[in-house]
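Student: just need the structure, nothing else, for what follows:
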Amino acid sequence: MTWSAKAGLVLVLAGLAGCASPLQQCLIAANQDVLDIQRDLDEGRNAVRYGYRIERVTMPELITTVCYGPGGVASPCTRWSQEVQEIRHPVNRALEQERVDLLERQLARAQQQAAQAEAQCRATYPAE
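Tutor: Below is the predicted model:
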C-alpha cells in the first residue's frame, strides 16, 4: 500500500472517527505513529532518489475572472485564489540516507509497539 493510499485511509477513518466504535478509534490511535514514520520514510526515500525535497506552500494569488453584477451583467474582475506551489529544496543524499536508515529502525520499533497497542485495544474492547 502506498503512502498516499494509507494517508487516504487514515483521513477516511479520521473523518469517520465520530462514527467509529471505541475499538476502531483505539486501533487508529495505535497505528498513528507507524503511519507518520512511514510517511516520513517515503519522503526521505524520494529525497535520496531525486536529490531534493518538495515543500508545498499555499500562496494567495490574484486572478482575473468573470463576475456577474446586478441584472446578470458579466464583467471582468479580480479575486484572490489559493494556489499550491511546490518548492524543491536540494538535499545532501548521504545525510538523507542516514535519516532514512534511522527512520527504518524507528519504524521497526513503532510496528512492535503498534502490535502491542492493537492487542491491548482488542482486549479492552472485545469484538462488538
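
Student: for the top helix by length along the chain, packing partners?
Tutor: Ranked by residue count, the top helix of the chain under DSSP state H comes out as helix 93-124. Identification of packing neighbours for helix 93-124 by 3 or more C-beta pairs under 8 Å, 6 or more residues apart in numbering; DSSP states H and E yields helix 22-50. Every residue, glycine included, has its C-beta placed from N, CA and C.

Student: okay, the angle between the helix it packs on and helix 93-124?
Tutor: Relative orientation of helix 22-50 versus helix 93-124 (axes from the mean of the first three to the mean of the last three C-alpha atoms, to 10 degrees): 170 degrees.

Student: chain center to helix 22-50, what's the gap?
Tutor: With C-alpha atoms, centre = their mean, to the nearest Å as the basis, helix 22-50 stands 8 Å off its chain's centre.

Student: ok, stretch 43-63 next?
Tutor: On C-alpha atoms, centre = their mean, the centre of stretch 43-63 falls 13 Å from the chain's centre.

Student: can you show me the CA trace of it as PDB?
Tutor: Once non-C-alpha atoms are left out, stretch 43-63 reads as follows in PDB (Å, rounded to 0.1, in the frame of the first residue of the first chain):
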ATOM      1  CA  GLU A  43       9.500  11.300   1.700                       C
ATOM      2  CA  GLY A  44      13.100  10.500   2.700                       C
ATOM      3  CA  ARG A  45      13.500   7.700   0.200                       C
ATOM      4  CA  ASN A  46      12.200  10.000  -2.600                       C
ATOM      5  CA  ALA A  47      14.700  12.700  -1.400                       C
ATOM      6  CA  VAL A  48      17.600  10.200  -1.700                       C
ATOM      7  CA  ARG A  49      16.300   9.100  -5.100                       C
ATOM      8  CA  TYR A  50      15.700  12.500  -6.600                       C
ATOM      9  CA  GLY A  51      18.200  14.700  -4.700                       C
ATOM     10  CA  TYR A  52      15.600  17.200  -3.400                       C
ATOM     11  CA  ARG A  53      12.600  17.500  -1.000                       C
ATOM     12  CA  ILE A  54       9.400  19.100  -2.100                       C
ATOM     13  CA  GLU A  55       7.700  21.700   0.100                       C
ATOM     14  CA  ARG A  56       4.100  22.500  -0.700                       C
ATOM     15  CA  VAL A  57       3.200  26.100   0.100                       C
ATOM     16  CA  THR A  58      -0.300  27.700  -0.300                       C
ATOM     17  CA  MET A  59       0.100  31.100  -1.800                       C
ATOM     18  CA  PRO A  60      -2.600  33.700  -2.400                       C
ATOM     19  CA  GLU A  61      -2.800  34.800  -6.000                       C
ATOM     20  CA  LEU A  62      -4.900  37.400  -7.700                       C
ATOM     21  CA  ILE A  63      -6.700  36.000 -10.700                       C
END
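
Student: perfect, I'm done here.
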